[in-house]
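Engineer: Quick one, what's the 3D model for this:
(one chain, ligands or ions: 2)
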Amino acid sequence: MNDYTKTTVIVGLGALGMLYASQITAALGPDNIYFLGDRERIERYRQTPFSINGKPFSFQIEDCTKVRPVDFLIVAVKYGALSSALDTMSASVGPDTTILSVMNGIDSEEIIAERFGREKVLYCVAQGMDAMRFGSNLTYTRPGTLCLGTRTEGQESRLRDLTRYFDRAGISYTVEADIVKRLWGKFMLNVGINQTCMAFETNYSGVLAPGKPNDALIGAMKEVIDLSKKEGVGLSEADMDFYINLIKTLSPEGVPSMRQDGMARRYSEVEMFSGAVRRLAAKHGLPVPVNDMLYEKIKKIEAAYPSLPHES
Ligand SMILES: NC(=O)C1=CN([C@@H]2O[C@H](COP(=O)(O)OP(=O)(O)OC[C@H]3O[C@@H](n4cnc5c(N)ncnc54)[C@H](OP(=O)(O)O)[C@@H]3O)[C@@H](O)[C@H]2O)C=CC1
Ligand SMILES: CC(C)(CO)C(=O)C(=O)O
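Structural biologist: Ligands and ions are numbered 1, 2, ... in the order given. Presented below is the predicted three-dimensional model:
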């Protein structure tokens, strides 16, 4: 089978799902890429006009119960939806399927590996994109990069197959020597920027300027540096500066995915960020007051949502 006929399936028709589907379709055509849905989603999506940068976006969607195992599977849902996504994707996973999670946080790969087998899961960190989804409309100017790596012996050929496919699909990637450090570096950024933008209801310029949000950004990231040392990962302030500089390359009016959730009154990934920091910090007896403050602020915002919103 050549790389043009490899089949890719995406779980999560949101910001990143649309971003990668459109890139793959533009390079390789629409035939071998589709989204997975249950009956309700398929019906709902058929009645919804989707767009990317103002242009209509069309896509294939298949009933998740009626599909066969595929070559590549991209998991692109929010943290709260991961457990349902595992059910959605189960018929698409066979012994040769390679699974990639573009989710933020430090544990989605572990959760997926527990269900489907660790040999199938390559590690991935999605960074540098300025994707913003409001409703069914995605805008972006920077598609970012997927940082890839392995943590299980014997995955070299899976990684080689994937990078060959990405070369043809025009998806930017790097292969990381230390994927755990990369995962934690991005986690540190999200714990800072995503939570601060949501908690203070602001955008990148509001967080980067001197003031309380900026203090929270730096404080929350420094707590992750301390935690990373306890966990044997060893992030440094140089890593923090690298990630803050990355945010400075994005549009000052832009907002991260978590603030997009807040604006749409969707429950956020707070458990994947300060929730995880607090759980790990408790294990080490490490105080994390900035993350405690952000956690409480975000929970309070969510508690004031008018009614249970739909996930999208
Ligand atoms: N947006 C960004 O710029 C970046 C995001 N990330 C991370 O990537 C992950 C995805 O984020 P993002 O793309 O923004 O998320 P979105 O909220 O834009 O999209 C997630 C989509 O998943 C769908 N979904 C939920 N459950 C299921 C299911 N069981 N089966 C099929 N579809 C499902 C939802 O659709 P429905 O409406 O039908 O429920 C929703 O549209 C997150 O972990 C985020 O932190 C990482 C880097 C950048
Ligand atoms: C920090 C950022 C914007 C990186 O692209 C991100 O990961 C997010 O929006 O969740």
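Engineer: Residues of the stretch 101-250 of the chain that sit close to ligand 1?
Structural biologist: The interface of the stretch 101-250 of the chain toward ligand 1, taken as C-beta under 6 Å from any ligand atom, is made up of 102-104, 126, 129, 131, 133. (Glycine included, C-beta is placed from N, CA and C.)
Engineer: What's the nearest residue in the stretch 151-300 of the chain when you look at ligand 1?
Structural biologist: Residue nearest to ligand 1 within the stretch 151-300 of the chain: S257 (3.6 Å; C-beta to the nearest ligand atom).
Engineer: still on that earlier bit, could you let me know which of the residues of the stretch 101-250 of the chain next to ligand 1 ends up closest to D31?
Structural biologist: Nearest to D31 out of these is V102 (C-beta to C-beta; 22.3 Å).
Engineer: Pull up the per-residue confidence for that closest one.
Structural biologist: Looking at V102, its pLDDT is 98.
Engineer: I'd guessed it sits against A15; true?
Structural biologist: No. Using C-beta atoms under 8 Å, V102 is not in contact with A15; the gap is 9.9 Å.
Engineer: overlap in contacts of the two?
Structural biologist: A76 (C-beta atoms under 8 Å, 6 or more residues apart in numbering).
Engineer: Show the backbone phi and psi for the closest residue to D107 other than its chain neighbours.
Structural biologist: Spatial nearest neighbour of D107, excluding adjacent residues (C-beta to C-beta, 6 or more residues apart in numbering): A276 at 6.9 Å. Backbone torsions for A276, taken as degrees, to the nearest 10, come to phi -70, psi -40.
Engineer: Counting neighbours, what do you get for T8?
Structural biologist: 21 (other C-beta atoms under 10 Å).
Engineer: for G144, helix, strand, or coil?
Structural biologist: strand (DSSP: H, G, I helix; E, B strand; the rest coil).
Engineer: meant to ask about G128, not that
Structural biologist: G128 ends up strand, using three-state DSSP.
Engineer: R133 too?
Structural biologist: strand.
Engineer: And the residue lying closest to it once chain neighbours are set aside, what's its pLDDT?
Structural biologist: Spatial nearest neighbour of R133, chain neighbours left out: A15 (3.9 Å); criterion: C-beta to C-beta, 6+ apart. Listed pLDDT for A15 reads 97.
Engineer: What of C124?
Structural biologist: pLDDT, read off for C124, is 98.
Engineer: what about it, which SS state?
Structural biologist: C124 ends up strand, using three-state DSSP.
Engineer: Any idea what the nearest residue to it once chain neighbours are set aside is bridged to?
Structural biologist: Nearest residue to C124, sequence neighbours excluded (C-beta to C-beta, 6+ apart): L100, at 4.8 Å. Listed by DSSP bridges, the beta-bridge partners for L100 are I74, L122.
Engineer: For L100, give its distance to D71.
Structural biologist: For L100, the distance to D71 (C-beta to C-beta, to the nearest Å) stands at 11 Å.
Engineer: can you give me the strands in this protein?
Structural biologist: For the chain, the strands defined by DSSP state E cover 8-11, 33-37, 51-52, 55-56, 61-63, 72-75, 98-101, 121-129, 132-134, 137-139, 143-149, 173-175.
Engineer: Those: which one's closest to ligand 2?
Structural biologist: strand 121-129 (4.5 Å).
Engineer: Can I get that closest one in PDB? Just the C-alpha atoms.
Structural biologist: The C-alpha trace of strand 121-129 is given here as PDB (Å, rounded to 0.1, in the frame of the first residue of the first chain):
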ATOM      1  CA  VAL A 121       0.400   4.800  20.400                       C
ATOM      2  CA  LEU A 122       3.100   7.200  19.300                       C
ATOM      3  CA  TYR A 123       3.600  10.300  21.400                       C
ATOM      4  CA  CYS A 124       2.700  13.700  20.000                       C
ATOM      5  CA  VAL A 125       2.700  17.300  21.100                       C
ATOM      6  CA  ALA A 126       0.800  19.900  18.900                       C
ATOM      7  CA  GLN A 127       2.300  23.300  19.200                       C
ATOM      8  CA  GLY A 128       2.700  26.700  17.500                       C
ATOM      9  CA  MET A 129      -0.700  26.900  15.900                       C
END
